[in-house]
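**Student:** Give me a 3D structure for the following:
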Amino acid sequence: MVLAGLALACAAPAACAQVLTPPLQLLLFHPARPGVLSQCENAHGRDTFGRDARPDPADPQKAWVVETAFTLHWPDGAFTQAGALPDAAALPIDRCFALLSGGQPVLSGAVVDEWSARRLDFMALVRLCSEPGTPTRYVLQARFPLPR
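**Tutor:** Coordinates of the predicted model:
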């Protein structure tokens, strides 16, 4: 299946670099059922993706494109977005994410902390602890364990 192939592509560094072509956008959104992160797996390939992950000015907490500074690492690659430094209290976890390349979603999964990543068997965007006043750091992980 192509979607599974994209998720597995990031386990192979060269293939991941082909999928994640800058400029990238990070889209965060809530799963259709709150707290059910399994709904984040391959969310970008579902018929409901356009509805579930569409930013709505009337409900800015439903879905949003991350505009603050962050660094995203994956096997043999990285992407850094400049921007205002994030408010540490507003850094979300337990949400769905989609990475967009050229405006098109190419990967999706769940945003979790390092400890929760151990429970997932699908694509995770692992938020690492960041020092106050620094960009958010993420690691894209197809499966546990995290590379060190």
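**Student:** From here on, just use CA atoms for contacts and neighbour counts.
**Tutor:** Will do.
**Student:** what kind of secondary structure is residue 51 in?
**Tutor:** For residue 51, the assignment made with DSSP: H, G, I helix; E, B strand; the rest coil gives helix.
**Student:** Can you tell me how far it is from residue 127?
**Tutor:** Here the criterion is CA to CA, to the nearest Å. By it, residue 51 lies 25 Å from residue 127.
**Student:** and the lengthiest strand in the chain, which strands flank it?
**Tutor:** Ranked by residue count and defined by DSSP state E, the top strand of the chain is strand 104-113. In the sheet, strand 104-113 lines up against strand 95-101 (antiparallel), strand 124-128 (parallel) (DSSP bridges).
**Student:** Touching the longest one from outside, list them.
**Tutor:** Contacts made with strand 95-101 from outside it, assessed by CA atoms under 8 Å, 6 or more residues apart in numbering, are listed as 20-31, 35, 37, 40, 43-44, 105-112, 125.
**Student:** Would you mind checking those for buried ones?
**Tutor:** For the contacts of strand 95-101, a burial check counting by 16 or more other CA atoms under 10 Å picks out 20, 24-31, 37, 40, 43-44, 105-112, 125.
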